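[1] any chance you can model this:
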Amino acid sequence: MNVDLKPADIFLTRGSGFLSRAIRFFTQTIGESRTKVNHVGLVVKSGSLKNAVVVEALSTVKHHRLWEQYGPPSTDLVTVFRAKNLSDQETKEIVAKAETYVGRKYGYFKLLAHLADWVLLGAYVFRRMAQMDNYPICSWLVAHSFAHVGKYFGVEPGAASPDDIWDFVTSHAKIYEQVYPLKPLE
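    Next comes the predicted model:
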């Protein structure tokens, strides 16, 4: 499939490992349909699926080609959404904000804050207290990069999970278009 990705495109993934399944379980709220994704990142340099450069929070926040992490032999499912309501300047600012996090260590304690809030039925308590800007997690990085230009995913940036971002982009077709469906990269 020939797809060109653009800066500020959002990619979401669904992994099959234990941590991926746990993240999907603990980000699902009562009465909500099953969580589809467990990770999110941001395209920062245009290109095909094989050449586009992304920023994402892994063990550290890093740049790499999307294909390097999620192309074969990876079996992770990947989808990409594009905001239709961004000016060129907003796109540049989102990318620049995401780039400021490159090199920072992953915020493992924020995952615990998400878990603690899940126990409180999704209340935004522990995540609010864990606003450690120097230690981003994937959804925090994307949500704060977009919030930098006044764009939100229906929740406070510090409360955002990959599922919240998925729910927002899939339910706002006037604002977001899917440019690659949820499937393995090919």
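
[2] distance of residue 71 relative to residue 48?
    11 Å (C-beta to C-beta, to the nearest Å). Using the backbone N, CA and C atoms, a C-beta is placed for each residue, glycine as well.

[3] which helices and strands sit right next to the helix or strand where residue 82 lies?
    Assessed by DSSP states H and E, residue 82 sits inside strand 77-83. In terms of contacts (3 or more C-beta pairs under 8 Å, 6 or more residues apart in numbering; DSSP states H and E), strand 77-83 is packed against strand 10-14, strand 176-183.

[4] does the residue nearest the centre of the chain count as helix, strand or coil?
    The chain has residue 40 as the residue nearest its centroid, 2.2 Å off, counting by C-alpha atoms, centre = their mean. State at residue 40, reduced to three classes by DSSP: H, G, I helix; E, B strand; the rest coil: strand.

[5] go ahead and confirm it touches residue 14.
    No. Look at residue 40 against residue 14 with C-beta atoms under 8 Å: they stay out of range, at 10.8 Å.

[6] the strands in the protein, which residues?
    For the chain, the strands defined by DSSP state E occupy 4-5, 10-14, 39-45, 47-48, 53-57, 61-65, 77-83, 176-183.

[7] and the pLDDT at the residue nearest to the centre of the chain?
    Looking at residue 40, its pLDDT reads 95.

[8] which residues does it bridge with?
    Bridge pairing for residue 40 (DSSP bridges) gives the partners residue 12.

[9] next one: residue 101 from residue 180, what distance?
    Taken as C-beta to C-beta, the span from residue 101 to residue 180 is 24 Å.
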